[in-house]
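Participant: Here is my input; please provide its structure:
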Amino acid sequence: MLAEIVTKIFFLIAVIDPLGSVPVYLEATKQLDKEHKKKVAIRASVLAYGILLFFIIVGQLILEGMSVTLDAFQISGGVILFLFALTMIFGDGKPLSEKGMIKDYKHVTIFPVAIPSIASPGAIMAVVLLTDNTLYTIQQQAITTVLVGVVVMITMSILLGANFVQKKIGEYGITVISKVMGLILAAYAVQSILTGLKGFFELG
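Facilitator: Sure, this is the predicted structure:
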C-alpha cells in the first residue's frame, strides 16, 4: 500500500509538474503586488484541484455513457499522455510554451496558471485513468483523490515561494526537470497503451 501511494505521488508530481508552473506564475503575476500574487497562487491551486476533482467524479460517467471499453480508454488515454509527454521532452518546455499564452495580465488566475499550467490536459487524463471504477476500488480512488490534493498543495507552496525557487534553480534548471518529468510520464503512457492492447487482444 505504501509503495503504491509513493508511486502515485511521484506520477502525479510528474504529470502536474509543480516546478514547471513557477516561471508561468512569475510571468503571469509580474504586474501584481505581493498580496495579489499570493491570492493568485492560492486561488489558482484551489481552482485547479476543483477541475481535477470534477473529472475524477464525472470522467468515468462520461466514458460509461459513451460505452467506451476499459481497453479503448487505456489505449487512447495512453496515446494522449504520450503526446503530452513528448511536448514536455522535445517542445519549448512547459514554462516557455505557457508563458506565451498570457495575453491579459488582469485575469491570469484561471488562465494560464490554473489551466493549463496546473490542471493540464495530461493531468486531467491522468486522474481519470487513476480512478477508473473497473480497475480501482472506492478506497483506492479516495486515496488517489487525496494524493491529487497533496500534490496541488505542494504546487501551491512552491508558487508562494516562486521567487526563491527560481533564484535557486533557475529557469533553465526548471526546464530540465520538466523534461525529466516528461520521460517518466512517457513511460507510464506506453505502459497504459501496452496494457490496453494486451486486454483487447486477450494476450497473456
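
Participant: so what's Lys8 up against?
Facilitator: 130, 143-144, 147 (CB atoms under 8 Å, 6 or more residues apart in numbering). The C-beta positions use only the backbone N, C-alpha and C, and glycine is treated the same way.

Participant: what residues are up against Val127?
Facilitator: Val127 makes contact with 52, 55-56, 59, 144, 148 under the criterion CB under 8 Å, 6+ apart.

Participant: Tell me, please, the helix or strand in the protein that averages the lowest pLDDT.
Facilitator: Least confident helix or strand, the chain: helix 94-99 with a mean of 57, by mean pLDDT, DSSP states H and E.

Participant: tell me which residues of the biggest helix by length in the chain are tucked away?
Facilitator: The helix that spans the most residues within the chain, counting by DSSP state H, is helix 162-200. For helix 162-200, burial by neighbour count (16 or more other CB atoms under 10 Å) applies to 162, 165-166, 174-175, 177-179, 181-182, 184-186, 188-189, 192-193, 195-196, 199.

Participant: what separates that helix from the chain centre, distance-wise?
Facilitator: 10 Å (CA atoms, centre = their mean, to the nearest Å).

Participant: same for it, what does it pack against?
Facilitator: helix 2-16, helix 21-28, helix 70-90, helix 94-99 (3 or more CB pairs under 8 Å, 6 or more residues apart in numbering; DSSP states H and E).

Participant: got TSV for the ones you listed, with distance to Ser117 too?
Facilitator: Conversion of these to TSV gives the following (distance: least, CB to CB, whole Å):
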stretch	distance to Ser117
helix 2-16	9
helix 21-28	5
helix 70-90	13
helix 94-99	5
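
Participant: Determine which of the ones you listed approaches Gly170 most closely.
Facilitator: helix 21-28 (9.9 Å; CB to CB).

Participant: Just read off the phi/psi values of the residue nearest to Ser178 when sequence neighbours are not counted.
Facilitator: Excluding the flanking residues, the one nearest Ser178 by CB to CB, 6 or more residues apart in numbering is Gly20, at 4.2 Å. Reported as degrees, to the nearest 10, the phi and psi values for Gly20 are phi -70, psi -20.

Participant: pLDDT-wise, what's the bottom of the contacts of Val127?
Facilitator: Lowest pLDDT among the contacts of Val127: Gly59, with 83.

Participant: give the contact list for it.
Facilitator: 124, 127-128, 131.

Participant: Going by neighbour count, which of these comes out on top?
Facilitator: Highest neighbour count within the contacts of Gly59, by other CB atoms under 10 Å: Val127, with 25 neighbours.

Participant: For that one, give its distance to Arg43.
Facilitator: 20 Å (CB to CB, to the nearest Å).

Participant: Next: Thr69.
Facilitator: 38 Å.
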